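Participant: whatever this is, show me its structure:
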Amino acid sequence: MSNLALTPVSLPGGLTITNVTAAASSPGANTGVTFTNDGQSFLIFINGTTASTATMKIASTVEGQAVTNATATIPVSATSVLGPFNSDFSAGFGGTVEVDLSSTTTVTVLLARYLGTH
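Facilitator: Sure, this is the predicted structure:
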């Protein structure tokens, strides 16, 4: 299994429009995505007709016990947002978040960061 490394696209806010569909990437043969966690970035999934589940890996333990990975369903025929991610999701992975996808057949994904002007 390998993951597609993502770099965030900055969303400036205000009256600027970002075409997230054009900016999104297909994981291709990869089984998920990975990115450096800054606590502000979030994933935008654009999914077609194949159901998929995102599994966010957690490498931490509590009192020596493994913590269950978090999951989220990516709806079919929808654009969905997941995140931002706190440090629980990157603590055991050198500052990166790892998200596995059960299917990448019709999924494209964009890592975005809001740089609002408010």
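Participant: could you use CA atoms for every contact and neighbour count after this?
Facilitator: Will do.
Participant: name the surrounding residues that touch the least confident helix or strand in the chain by mean pLDDT.
Facilitator: Lowest by mean pLDDT, DSSP states H and E among the helices and strands of the chain is strand 61-62, with a mean of 78. With contacts defined as CA atoms under 8 Å, 6 or more residues apart in numbering, strand 61-62 is touched by Val67.
Participant: just checking: what are the partner strands of it?
Facilitator: Pairing partners of strand 61-62, with direction, according to DSSP bridges: strand 65-66 (antiparallel).
Participant: how about residues contacting the strand it pairs with?
Facilitator: Ala59, Ser60.
Participant: which is the next helix or strand following that strand?
Facilitator: As assigned by DSSP states H and E, the chain's next helix or strand after strand 65-66 is strand 70-74.
Participant: give me the buried positions along that next one.
Facilitator: Ile74 (16 or more other CA atoms under 10 Å).
Participant: which residues touch it?
Facilitator: By CA under 8 Å, 6+ apart, strand 70-74 touches Phe45, Asn47, Ala51, Ser52, Thr53, Ala54, Thr55, Met56, Lys57, Ile58, Ser80.
Participant: now stretch 94-104
Facilitator: 3, 26-28, 30-37, 50-57, 85, 87, 89-90.
Participant: drop anything exposed from these.
Facilitator: Counted by 16+ other CA under 10 Å, the contacts of stretch 94-104 give 3, 26-27, 30-37, 51-57, 85, 89-90 as buried.
Participant: ok, the residue nearest the centre of the chain - contacts?
Facilitator: In the chain, the C-alpha nearest the mean C-alpha coordinate belongs to Leu43, at 3.8 Å (CA atoms, centre = their mean). When contacts are counted by CA under 8 Å, 6+ apart, Leu43 is found next to Val81, Leu82, Gly83, Pro84, Val109, Leu110, Leu111, Ala112.
Participant: can you tell me what sits against stretch 109-118?
Facilitator: With CA under 8 Å, 6+ apart as the criterion, stretch 109-118 contacts 6-14, 20, 23-27, 40-46.
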